[in-house]
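*Asks:* would you be able to build a 3D model of this:
(chains A and B)
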Amino acid sequence: MQFGIFSVGDVTTDPTTGRTPTEHERVKAMVTIALKAEEVGLDVFATGEHHNPPFVPSSPTTMLGYIAARTERLILSTSTTLITTNDPVKIAEDFAMLQHLADGRVDLMMGRGNTGPVYPWFGKDIRQGIPLAIENYALVHKLWREDVVDWKGQFRTPLQGFTSTPRPLDGVAPFVWHGSIRSPEIAEQAAYYGDGFFANNIFWPKEHFQRLVNLYRERYAFYGHGTAEQAIVGLGGQVFMRRNSQDAVREFRPYFDNAPVYGHGPSLEEFTEETPLTVGSPQEVIEKTLSFRETFGDYQRQLFLMDHAGLPLKTVLEQLDLLGEEVVPVLRKEFAKGRPAEVPDGPTHQSLLAARAAESVTA
Amino acid sequence: MKLAVISAGLGQPSSTRLLADRLAEAATRQADATVQVIELRELAVDIANNLVTGFAGARLRAAIDAVTEADGVIAVSPIFTASYSGLFKSFIDVIENTALVGKPVLIAATGGTARHSLALEHAMRPLFSYLRAVVVPTAVYAATADWGADGEDDPLGARIARAGEELAGLMLNRKPGGEVEEFVPFAQQLAALEQ
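*Replies:* Next up, the predicted model:
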């Protein structure tokens, strides 16, 4: 199982000091956080993609390429790559390039974004969100698997004899996750291709995501990629820890109360009751995270949101120390217990290569 | 059958709730249904939180489910500033916009004087028409004075009985099912793009 962090890349005023980091500080902080993730033994760093303030990560492969050069083991990913408004040809090219630079330590998560105006800014129609996600991804998928592509669709200029370069590393396309918080169509899409399904469950109660994940698992089996239990599931999480639970609550409360996404709404207590947010001791984080398995079954990837709501870099790095040293080692051990042998680990370039080799032997 | 009763009254006791109960009683006299009353006053903070966070907490979720799963709905709001109350509209806003499709809905309202009664026709009925609910022809408005009408000449009682009967009739004749397809198989989605 893989553990990592995902960042929204928001520039938010620290409510306890009134200080707002500059975009430059925030971009550099994201890099520092990614390097720290590798240092403390995490497996994945994923960045969001946004095209409006107060968010900085508009160009994920640029950032991930830089991080790739400065890390050895970390898988570089996205949360999410906008499959609706980016040119699918450019996605295929950019991530294949990144895959080469990072020696295969790359995957990505497709998403539709949550900011309406991004569609018109990039010349797209938001009412076509799902069809755009479907057609664009079908093209990315084809460009990574076929050397010469003839293609015609509804949303993009046609291609005649087009080859996307560089070809994927070792002829194996980067693994793709599909992220969704609402749409069964996306769970169905992920199942159809045998790709991963990431349920970013951090803001909503689990019952909602249970339905989506169950649908994805059923359909994954229906399309013959394996059993429902073998489907590739990723989940979000959101934690703030101190050794002493009360200290964590006291320190995090002003950040929670003023957070752009959920501040000025429910209380911290109500929110932790209803969603995966855990504010407390490392032990409490371990218990809550282990409970995800009871709801969603054995899964492959757990990403935590750690650097948001104006938390200072120093605090985030302390959080990563706790996560890497005290939480994840226990989670690895506990999640391994009782995990059926046929449930796969989180996909890597090596595991995809091995799967292809096994396929060509049986074929 | 299940009947969900939405009462947006704020006072306690509330004339809105009183009207809601009388309508529920009139409807269940004709149609055998279990009644679940949703008092929006008790859910006011949950509704505001849902607007802010985008999801419903457990208590509000139960109320939304009750409306979504009901075979018929009675919706009663006080009239504030020429329309249904903000709390009432906020509750309707957090329900899926397909939850009421084809569902019989009886609309009713309360207010200080009869001058506001057409708010039912110019505000409440279009709201439910937009949601593609089947709104019963008789809408019931109760002004303060209506609660004092004597037994012989009771126009409010007559309207309540007629509206309840209309709702019961629609509930009894309602075709079961009509559930929205959970998802479209992928091949079909792809094919729709290729022409």
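*Asks:* can we go C-alpha only for contacts and neighbour counts from here?
*Replies:* Noted.
*Asks:* neighbours around the closest residue to residue A:244 other than its chain neighbours, how many?
*Replies:* Counting by C-alpha to C-alpha, 6 or more residues apart in numbering or on different chains, residue A:281 is the residue found nearest to residue A:244 once chain neighbours are left out, at 5.6 Å. Residue A:281: 21 surrounding residues under other C-alpha atoms under 10 Å in any protein chain shown.
*Asks:* my guess is residue A:281 meets residue A:249, correct?
*Replies:* No - the criterion here is C-alpha atoms under 8 Å, and residue A:281 misses it with residue A:249 at 9.5 Å.
*Asks:* what residues does chain B have near chain A?
*Replies:* When proximity is defined by C-alpha under 8 Å from any C-alpha of the partner chain, chain B lies next to chain A at B:46, B:48-49, B:52-55, B:57-58, B:182-186, B:189-190, B:193-194.
*Asks:* now list the buried members of these.
*Replies:* By neighbour count, with 16 or more other C-alpha atoms under 10 Å in any protein chain shown, the residues of chain B next to chain A hold B:46, B:48-49, B:52-53, B:55, B:57, B:186, B:189 as buried.
*Asks:* in chain B, which helix is the longest?
*Replies:* helix B:155-173 (DSSP state H).
*Asks:* who touches that helix?
*Replies:* Contacts with helix B:155-173, where a contact means C-alpha atoms under 8 Å, 6 or more residues apart in numbering or on different chains, come from B:22-28, B:30-31, B:71-72, B:104-106, B:136-142, B:146, B:149.
*Asks:* now that helix: mean pLDDT?
*Replies:* When pLDDT is averaged over helix B:155-173, the result is 96.
*Asks:* per-residue pLDDT of residue 96, please?
*Replies:* If you meant another chain, say so; for now it's chain A. pLDDT, read off for residue A:96, is 98.
*Asks:* I was after chain B.
*Replies:* Predicted confidence (pLDDT) for residue B:96: 94.
*Asks:* which parts of stretch A:267-281 are buried?
*Replies:* In stretch A:267-281, counting by 16+ other C-alpha under 10 Å, buried: A:268, A:271-272, A:274-281.
*Asks:* just the strands from chain B, written as ranges.
*Replies:* Remark: strands assigned in chain B by DSSP state E are B:2-7, B:34-39, B:72-80, B:83-84, B:104-111, B:134-135, B:140-143.
*Asks:* which of the ones you listed sits most buried?
*Replies:* Among those, ranked by average contacts under mean count of other C-alpha atoms under 10 Å in any protein chain shown, first place goes to strand B:104-111 (a mean of 28).
*Asks:* pick out the residue nearest the middle of chain B.
*Replies:* residue B:75 (2.7 Å; C-alpha atoms, centre = their mean).
*Asks:* quick one, helices of the stretch 101-250 of chain A?
*Replies:* Along the stretch 101-250 of chain A, counting by DSSP state H, counting those that start in this stretch, helices occupy A:118-121, A:129-145, A:184-193, A:206-222, A:245-258.
*Asks:* now these in TSV, with mean neighbour count?
*Replies:* TSV is the format used below for those (neighbours: other C-alpha atoms under 10 Å in any protein chain shown):
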stretch	mean neighbour count
helix A:118-121	15
helix A:129-145	20
helix A:184-193	24
helix A:206-222	20
helix A:245-258	17
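*Asks:* what is the orientation angle of the longest helix of chain B with strand B:2-7?
*Replies:* In terms of direction (axes from the mean of the first three to the mean of the last three C-alpha atoms, to 10 degrees), helix B:155-173 departs from strand B:2-7 by 140 degrees.
*Asks:* returning to what we had before: dump the strands of chain B to TSV, plus mean pLDDT.
*Replies:* TSV is the format used below for those (pLDDT from 0 to 100):
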stretch	mean pLDDT
strand B:2-7	98
strand B:34-39	98
strand B:72-80	98
strand B:83-84	98
strand B:104-111	98
strand B:134-135	98
strand B:140-143	97
